[in-house]
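In: With the input below, show me the fold.
(2 chains)
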Amino acid sequence: MRFVPGKRKYLVSGDTYGIRLLQPITQKIMEQKKPFERMELTDEVKVRSWLSQQKMGCYLYVSAAWPEIERLKNITEEIGFLSEEEVQFIGHGERVIQVFCCRCHGLTELKVTHSETLQDGIEITCCQCALLLSVSDHYSSLRNAYLGYVAKL
Amino acid sequence: MLKRELNSFPYPFKGDQYRYSNNSVSMTRPSGIEITPQYTEEVQLKRDLLTHHPERCFQSLPHTLKSQWEIVDLVTENLVTYYPDQFALQKNGDHWTFVNKILGETSRFTYGDETTMPCEPLDFIGRHVQEDLIFMKERDGDLYLDAGQLCFPANWSLAFNLGMEFKEIHRPIPGFKEEGLDGRILRFLKRLEAGAPWERLNWSLMAGNKLDTSLETFHEWGKERKNVTEENAGELVHLRVEVQKLFRLPQSNGILFTIHTHVLAMEDFTVNKVWLRQFYRIIKELPEHIADYKGISLYKKQLLAYLEEKLKSRKPS
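Out: Numbering: from 1, shown residues only, chains lettered A, B, ... in the order given. Modelled structure (predicted):
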């Protein structure tokens, strides 16, 4: 999570826990005396209409449980918050990621708990070719997956 | 190794230490392609790899087709300009006839019409050169790896990196981001102009002489690094040098990145005493994170012992 300075206006949204997680960001926005709005993500229709009314130059923060993030990404993308220059997603809780096998290109799902990071050198077995993989933090948005390297030679 | 071949080997080092840098220089002979005595053997190897591992060796996003034709134009022009005895090109409007005299092949196609080709344009023209061909598209102030024919990668995966932006691609290089090099090189690439190509040399070491060191086959060739000893280092360890060339494509505003890979065994490399002395100092001084990334750490000690022995035996009496 990082504060992106210099935007015209900031939008902060998330589930109850997510809004709490975003508190340091909200703090920074207030310190900079920039306009901002905050909305808890309870009702999809309300969120859509809120985001659709925003003008160019807004920066959006979304924080929610990981399984919700993908759905929210689709919604914000539809509305027009497309790139990293416009929106940042912060997931929390347990998360399922995909690991791309460096040998066979197979995708294996991996549950990552909140306390783990991908730098911890998690090892998993590729579900397609059974190679033992060491999960890296190298991510492909096209594949929606993290690269798994050969864990043992 | 013939002395002639050793003389034409692209020696990548300057000074007594090595750090990551953008060591690009303006090209004096602006051709993306170089034909070497290994042409037939290497093109055949590329074609075999493309046949048996198409996903590993060729990837493209659908919006790149127009740019791929632009690359066919640039590469064929390079070939007939610099190697007129080996290649010919006849243009009758959009109906082109391309002749590869080395392989005895004639290809007829309609420029801009993929249906007249056996495969995608970039894949087609890549099958006539020793170089790997990478296409990067510029948009939203960034460069994206949107197509490529890559048969001889130095331990990376085209299939995984497809569609990635420049900084994401280079993320696994330790220290690259921290030193701000990724941003500097990206800015340099974005300033690249059509008609003014640049080139640079990149190097690494490997155990074995395989050109096709893909990430997909690392589990096979990576093991060799454990087998390096002081005694076999001359034969087993190879210097791998990539001649990388950068061309701005004026129509699509993308960048063509050509990579010609050369490998040379240590025993041949060290015949040149000047190279031997400089290389020894560089390896001895090389920071750990660079040695790790370049895959040298597993046998650095053995290699240094080999080089020391060579230095001793080559001292003038």
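In: Can you show me the strands along the stretch 101-250 of chain B?
Out: With strands called from DSSP state E, counting those that start in this stretch, the stretch 101-250 of chain B shows them at B:105-110, B:132-139, B:142-149, B:198-207, B:237-248.
In: Out of the ones you listed, the one nearest A:C127 is which?
Out: Smallest distance to A:C127 across the strands of the stretch 101-250 of chain B (Cβ to Cβ): 26.7 Å, for strand B:142-149. Yep, even glycine has a C-beta here, placed from its N, CA and C like the rest.
In: What mean pLDDT does the closest one get?
Out: Per-region confidence: strand B:142-149 scores 96 on mean pLDDT.
In: highest average neighbour count across the strands of the stretch 101-250 of chain B?
Out: Among the strands of the stretch 101-250 of chain B, the stretch with the highest mean neighbour count (mean count of other Cβ atoms under 10 Å in any protein chain shown) is strand B:142-149, at a mean of 24.
In: So which elements touch that one?
Out: strand B:58-60, helix B:65-82, helix B:121-126, strand B:132-139, helix B:158-161, helix B:166-169, helix B:181-190 (3 or more Cβ pairs under 8 Å, 6 or more residues apart in numbering or on different chains; DSSP states H and E).
In: Helices along chain A, start to end?
Out: Taking DSSP state H, the helices of chain A run over residues A:16-21, A:23-31, A:44-52, A:66-79.
In: And the contacts of stretch A:38-51?
Out: By Cβ atoms under 8 Å, 6 or more residues apart in numbering or on different chains, the list of residues contacting stretch A:38-51 from outside reads A:11-16, A:18-19, A:26, A:37, A:60, A:62, A:64, A:68, A:72, A:75-76, A:79, A:81.
In: Endpoint to endpoint, that stretch covers what distance?
Out: End-to-end span of stretch A:38-51 (Cα to Cα, to the nearest Å): 11 Å.
In: buried residues in it?
Out: For stretch A:38-51, burial by neighbour count (16 or more other Cβ atoms under 10 Å in any protein chain shown) applies to A:L41, A:V47, A:W50, A:L51.
In: Looking at the residues you listed, which one is closest to B:N253?
Out: A:L51 (32.3 Å).
In: Give me the most central residue, the chain.
Out: Went with chain A since none was named. A:F89 (3.7 Å; Cα atoms, centre = their mean).
In: wait, chain B
Out: Closest-to-mean residue, chain B, Cα atoms, centre = their mean: B:I259 / 2.7 Å.
In: Mind checking what helix or strand follows the strand or helix carrying that residue in sequence?
Out: Counting by DSSP states H and E, the element that carries B:I259 is strand B:255-265. Note on strand B:255-265: by DSSP H and E, the next helix or strand toward the C-terminus is helix B:266-269.
In: which residues sit against that next one?
Out: B:1, B:6, B:9, B:233-239, B:275-276, B:279, B:303, B:306-307.
In: Any quick ChimeraX command for the buried ones out of these?
Out: Remark: buried members of these, expressed as a ChimeraX selection using 16+ other Cβ under 10 Å:
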select /B:9,233,234,236,237,238,239,275,276,279,303,306,307
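In: Confidence-wise, which of the contacts of helix B:266-269 comes last?
Out: Minimum pLDDT for the contacts of helix B:266-269 is recorded at B:M1 (57).
In: ok, and the closest non-adjacent residue to residue 56?
Out: In the absence of a named chain, this looks at chain A. Distance criterion Cβ to Cβ, 6 or more residues apart in numbering or on different chains; nearest residue to A:M56, sequence neighbours excluded, is A:R8 at 7.8 Å.
In: right idea, wrong chain: chain B
Out: B:R56 sits nearest to B:E216 (Cβ to Cβ, 6+ apart), 5.1 Å away.
In: who are the neighbours in contact with the one you found?
Out: B:E216 touches A:C102, A:R103, A:C104, A:H105, B:H53, B:R56, B:S157, B:A159, counting by Cβ under 8 Å, 6+ apart.
In: Test for you: state the pLDDT assigned to the nearest residue to the first one once chain neighbours are set aside.
Out: If you skip the residues right next to it in sequence, A:C102 has B:L215 as its closest partner in space, 4.8 Å away by Cβ to Cβ, 6+ apart. Model confidence at B:L215, expressed as pLDDT, equals 97.
In: Dump the helices of chain A into CSV; add mean pLDDT as well.
Out: Formatted as CSV, the helices of chain A follow (pLDDT from 0 to 100):
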stretch, mean pLDDT
helix A:16-21, 93
helix A:23-31, 93
helix A:44-52, 89
helix A:66-79, 90
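In: I am finished for the moment; much appreciated.
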